[in-house]
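Participant: Fold the following for me, if possible:
(chains A, B, C and D)
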Protein chains: 2
Amino acid sequence: MTTETAGIEDRGSAVDQVVDAIRRLIRERNLGIGDALPSEIELAAMFDTSRNTVREAIRMLKAYGIIESRQKVGAVITDRRQQALMELFSFAIDISAENFLDIQGFRRLVEVNLSDLLFQAIDAAALARLEAINEAMRLAPDLPEAARLDFEFHAALVGSAGNQTLSQVYGILRPLLQRLMEAGKASRIAIDSAYDDHGDIIAALRQRDRIAYAYHMNRHLHAGLQFIQTPKEPGQI
Amino acid sequence: MTTETAGIEDRGSAVDQVVDAIRRLIRERNLGIGDALPSEIELAAMFDTSRNTVREAIRMLKAYGIIESRQKVGAVITDRRQQALMELFSFAIDISAENFLDIQGFRRLVEVNLSDLLFQAIDAAALARLEAINEAMRLAPDLPEAARLDFEFHAALVGSAGNQTLSQVYGILRPLLQRLMEAGKASRIAIDSAYDDHGDIIAALRQRDRIAYAYHMNRHLHAGLQFIQTPKEPGQI
DNA sequence: CCCTTAATTTGTTGGTCAACATACCGTCGA
DNA sequence: TCGACGGTATGTTGACCAACAAATTAAGGG
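Facilitator: Numbering: from 1, shown residues only, chains lettered A, B, ... in the order given. Predicted structure coming up:
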């Protein structure tokens, strides 16, 4: 037999219905960013359902980046969908479990060719910050700390380009890249070499020298690549 | 006193922690699409939390499109992230112009500088495929179909570079980029212009002409940018 | 003006009941 | 005897309720 629930639009679970209902509520009341939703208890009474169901619906909206909720204050409408989008990215990387070389290739593609955006957006303060990070890396007490500061340098560099999407991608790749760099920083010599490379890169940035930037960055990333020919566990994150 | 980062990341609520824990579980057990998660009760016991908290975590993962749960069967890992992304953007909030431009900037950074990887990996079959897609775009019956094929062209191009991380990112961005391209393909003239650009790009690829590739790709993407200067309706939900 | 206290709201937990899909097992028929 | 059929047992998700903890705001008292 076919479904005998013909009368009511039964599509979706109770949670999905509440999600739609909340969306309708937002639309009908013309709520915008910053406005607060009714409390969970009120919503439950409004839609004649339980508070837990409302909570699960709110969880979905939170995952979509549409609302944020703070205790006591309640749920507030926001637009953090860009971050939600990045969460999706991070899941992609989880699932497909790329190997290190693949991600390193992606990284090279980005960083070596970043000069256009960088020259356009970078200022003296950003350059000083890069130098400070580089100096701290040289003086780092141990290798993991140096690796962390190495990543910090590159993240700051990418951040200076002013592209949000890019910055967030790097935020997601952070743990992976850091492991990559720990693998590449097996000795003090590698750190000193990276320090010099970073210095060359900063100099190229300061002089707005596109060619020099690409040359040094490419060399630098290629050098780091040598040390990690064998990933720790292939195909595993 | 305040916790001095006592080992475990205390960041986020219990639900967020369970989300991360499930992600780690998937990674560590190397679970793939179609595999089943432990039952909610087992997960609750595993992470020493309650079933409702696990349910909310599963709700989030469901919102991200990486798991699906059917009654009785349990939660199964899937990949419906594209649908999740569409849900994300089906909320009536218009994408802000800044977000559009930001993502477009990211795209330019990637595609314009893809030549190194492309020249290394592309073959005759891939070039023929690109030409076929381009031809199909020229002959497309309507504008949305042309926009779809335009995206298809770029996705195939990026895919030819052979970097999995990059391909994944483009796969997820598909609906978003397609909207971007629909906005840019407001007229037949724009399509013909894109067709010519694509042809130039293919020719540059065939001749392994790095400069020509970068020139034509940059021109092409810059041209597409003109059409979306004005957002539809800023900041309404 | 500052501190204390109360109230409100979300966060988390444990439990109950229902719906339902699957597996297993016994019965019946050929 | 063997296979098909049907019923039941079991385990899982879906939905809900009640209660307490934590946090944050707001009010009130010194």
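
Participant: Could you identify the helix or strand that succeeds the longest helix seen in chain A?
Facilitator: Ranked by residue count and defined by DSSP state H, the top helix of chain A is helix A:164-184. Helices and strands here follow DSSP states H and E; after helix A:164-184, the next one along the chain is helix A:188-206.

Participant: so what's the closest residue to A:F106 other than its chain neighbours scoring on pLDDT?
Facilitator: Nearest non-adjacent residue to A:F106, counting by CB to CB, 6 or more residues apart in numbering or on different chains: B:T165, 4.4 Å away. Just so you know, the C-beta spots here come from the backbone N, C-alpha and C atoms, and that holds for glycine as well. If you check B:T165, the pLDDT there is 78.

Participant: What of A:D192?
Facilitator: 91.

Participant: Which residue comes closest to it once chain neighbours are left out?
Facilitator: Nearest non-adjacent residue to A:D192 (CB to CB, 6+ apart): A:R138, at 7.2 Å.

Participant: on that earlier part again, so the residue nearest to A:F106 sits against A:F100, correct?
Facilitator: No - the criterion here is CB atoms under 8 Å, and B:T165 misses it with A:F100 at 10.7 Å.

Participant: Between the two, which contacts overlap?
Facilitator: Common contacts of B:T165 and A:F100 (CB atoms under 8 Å, 6 or more residues apart in numbering or on different chains): none found.

Participant: got the angle between the longest helix of chain A and helix B:164-184?
Facilitator: 170 degrees (axes from the mean of the first three to the mean of the last three CA atoms, to 10 degrees).

Participant: packing partners for helix A:164-184?
Facilitator: Here helix A:164-184 touches helix A:81-96, helix A:100-112, helix A:143-160, helix A:210-226, helix B:97-112, going by 3 or more CB pairs under 8 Å, 6 or more residues apart in numbering or on different chains; DSSP states H and E.

Participant: if you set the cut-off to 7 Å instead, what comes out?
Facilitator: With contacts defined as 3 or more CB pairs under 7 Å, 6 or more residues apart in numbering or on different chains; DSSP states H and E, the packing partners of helix A:164-184 are helix A:81-96, helix A:100-112, helix A:143-160, helix B:97-112.

Participant: Could you report the distance from the residue nearest to A:F106 to A:L114?
Facilitator: With distances taken as CB to CB, to the nearest Å, B:T165 is found 17 Å from A:L114.

Participant: per-residue confidence for the closest residue to A:I122 other than its chain neighbours?
Facilitator: Spatial nearest neighbour of A:I122, excluding adjacent residues (CB to CB, 6+ apart): A:S160 at 4.7 Å. At A:S160, the model reports a pLDDT of 95.

Participant: Same check on the one 10 residues further on?
Facilitator: Note on A:Y170: pLDDT of 79.

Participant: and what of A:A183?
Facilitator: Here the pLDDT value assigned to A:A183 is 72.

Participant: For A:V73, see how far away it is.
Facilitator: From A:A183 over to A:V73 the distance is 45 Å, taken as CB to CB.

Participant: and what of A:S39?
Facilitator: Counting by CB to CB, the separation of A:S39 from A:V73 is 10 Å.

Participant: more neighbours, these two?
Facilitator: Neighbour count, other CB atoms under 10 Å in any protein chain shown: between A:S39 and A:V73, A:S39 has more, with 14 against 10.

Participant: Now do the same contact list for that one.
Facilitator: Applying CB atoms under 7 Å, 6 or more residues apart in numbering or on different chains, we find A:S39 in contact with A:G74.

Participant: just A:K185 next, same as before
Facilitator: A:L143, A:A146, A:A147, A:D150, A:I191.

Participant: let's see it at 10 Å
Facilitator: Residues in contact with A:K185 (CB atoms under 10 Å, 6 or more residues apart in numbering or on different chains) are A:137, A:140, A:143-150, A:191, A:193-194, A:224, A:227.

Participant: How is chain A divided into domains?
Facilitator: What automatic domain parsing lists as the domains of chain A is A:14-79, A:83-226.

Participant: okay if I get the ones you listed as JSON lines plus distance to B:A132?
Facilitator: What follows is the domains of chain A, written out as JSON lines (distance: least, CB to CB, whole Å):
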{"stretch": "domain A:14-79", "distance to B:A132": "37"}
{"stretch": "domain A:83-226", "distance to B:A132": "26"}
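
Participant: Which of these sits closest to B:T78?
Facilitator: Across the domains of chain A, B:T78 has its closest neighbour in domain A:83-226 (10.1 Å, CB to CB).

Participant: Just give the closest residue to A:G159, not the sequence neighbours.
Facilitator: Closest residue in space to A:G159, ignoring its immediate chain neighbours: A:S167 at 5.0 Å, by CB to CB, 6+ apart.

Participant: which non-adjacent residue is nearest A:R55?
Facilitator: Nearest non-adjacent residue to A:R55, counting by CB to CB, 6+ apart: A:E40, 6.2 Å away.

Participant: pretty sure A:L205 is in contact with A:F119, am I right?
Facilitator: Yes - with contacts counted by CB atoms under 10 Å, A:L205 reaches A:F119, the gap being 7.6 Å.

Participant: Buried residues, stretch A:167-184. List them.
Facilitator: A:167-173, A:176-184 (16 or more other CB atoms under 10 Å in any protein chain shown).

Participant: okay, and the common contacts of A:L205 and A:F119?
Facilitator: Counting by CB under 10 Å, 6+ apart, the residues touching both A:L205 and A:F119 are A:Y213.

Participant: Of those two, which one has the most company?
Facilitator: More crowded of A:L205 and A:F119, by other CB under 10 Å: A:L205, with 24 against 15.

Participant: Next, the contact list for the more buried one, please.
Facilitator: For A:L205, the contact set (CB under 10 Å, 6+ apart) comprises A:114-115, A:118-119, A:122, A:126-127, A:130, A:157, A:160, A:212-213, A:216-217.

Participant: Give me every residue in chain A lying close to DNA strand D.
Facilitator: Remark: the part of chain A in contact with DNA strand D comprises A:13-15, A:44, A:49-53, A:70-73, using CB under 7 Å from any atom of the strand.

Participant: how about those in a markdown table, adding pLDDT and distance to DNA strand C?
Facilitator: Below are the residues of chain A next to DNA strand D laid out as a markdown table (pLDDT from 0 to 100; distance: CB to the nearest atom of the strand, whole Å):
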| residue | pLDDT | distance to DNA strand C |
| --- | --- | --- |
| A:S13 | 79 | 11 |
| A:A14 | 82 | 12 |
| A:V15 | 86 | 14 |
| A:A44 | 89 | 9 |
| A:T49 | 89 | 14 |
| A:S50 | 89 | 9 |
| A:R51 | 88 | 7 |
| A:N52 | 90 | 6 |
| A:T53 | 90 | 11 |
| A:R70 | 82 | 7 |
| A:Q71 | 79 | 4 |
| A:K72 | 77 | 4 |
| A:V73 | 78 | 7 |
